[in-house]
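> Sequence plus the predicted model coming up.
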Amino acid sequence: MARVAREMVQKAGVDVDKLIDLLVRNASAELTTFYYYTILRVNLIGLEGEGLKEITEDARIEDRNHFEALVPRIYELGGHLPKSMVDFHNVSACPPAFIPADPTNIQDMLQILVDAERCAIRGYTQICNMTFGKDHRTYDLSLAILHEETEHEAWFSEFLGEGPSGHALRKSGENSPYVGKFLGAR
């Protein structure tokens with residue numbers, strides 16, 4: 001643990017144990033969403049489904065990257081991940097993105113995808129509000145993730161016909177433009 005990191009965050013007025021809990025819950029949401037998006041993506045078939053595969057894959061890979069970026073901060077603050085994957089899954093900040101009963105219903109699939117992104121946006125906004133001006137490292141990381149989750153929501157909501165977002169898809173293979181700096185050598 002980076003003892004001084006925890007000490008400075010506490011001195012700034014952040015409830016570090018609550019922050020660690022939120023970070024662990026959001027890390028769980030990222031890893032479980034990566035898993036469930038994998039299942040959703042392989043079920044995106046047919047004319048409508050094929051159009052969603054690329055953005056679902058981008059969101060899936062970026063959710064894995066978010067998990068990878070969160071873990072070091074959890075441990076720096078003196079936290080840890082649960083020993084059991086089942087326990088880790090069950091503390092997720094967001095409900096599982098289960099495949100719909102009818103996986104060929106693209107509207108249901110899109111609703112699951114956009115709901116997962118909206119839950120993530122709420123979670124990272126909460127962490128940003130808690131750490132703004134107090135824990136610069138966690139704030140910077142959470143804000144970077146928030147940027148990417150907001151783009152994910154925009155992509156899926158456009159497919160739902162909720163209106164234009166102004167966001168463009170990234171070039172193929174360019175994942176995590178905001179979070180990349182937290183992932184070390186890439």
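Noted; the coordinates are in hand.
> Ramachandran angles for Glu117?
phi -70, psi -40 (degrees, to the nearest 10).
> Quick check: it vs Thr150, distance?
8 Å (Cβ to Cβ, to the nearest Å). Yep, even glycine has a C-beta here, placed from its N, CA and C like the rest.
> swap in Pro100?
Taking Cβ to Cβ, one finds Pro100 at 24 Å from Thr150.
> Now do stretch 31-43: distance to the chain's middle.
13 Å (Cα atoms, centre = their mean, to the nearest Å).
> again but with stretch 121-136, I slipped
Chain-centre distance of stretch 121-136: 14 Å, with Cα atoms, centre = their mean.
> Give me the buried stretch members for that stretch, please.
By neighbour count on 16 or more other Cβ atoms under 10 Å, the buried set for stretch 121-136 is Ile121, Gly123, Tyr124, Ile127, Cys128, Met130, Thr131, Lys134, Asp135.
> State the mean pLDDT of the helix or strand harbouring the third one.
With the criterion set as DSSP states H and E, the secondary-structure element containing Tyr124 is helix 106-131. The average of the pLDDT scores along helix 106-131 is 96.
> do stretch 152-168 as well
Mean predicted confidence for stretch 152-168 is 86.
> so after the longest helix seen in the chain, what's the next helix or strand?
Using DSSP state H, we find that the single longest helix of the chain is helix 46-76. Next along the chain after helix 46-76, taking DSSP H and E as the criterion, comes helix 85-90.
> what sits against Ile55?
Residues near Ile55 by Cβ atoms under 8 Å, 6 or more residues apart in numbering: His152, Trp155, Phe156, Phe159, Leu169.
> Regarding the last one, what is its secondary structure?
Under DSSP: H, G, I helix; E, B strand; the rest coil, Leu169 falls in the coil class.
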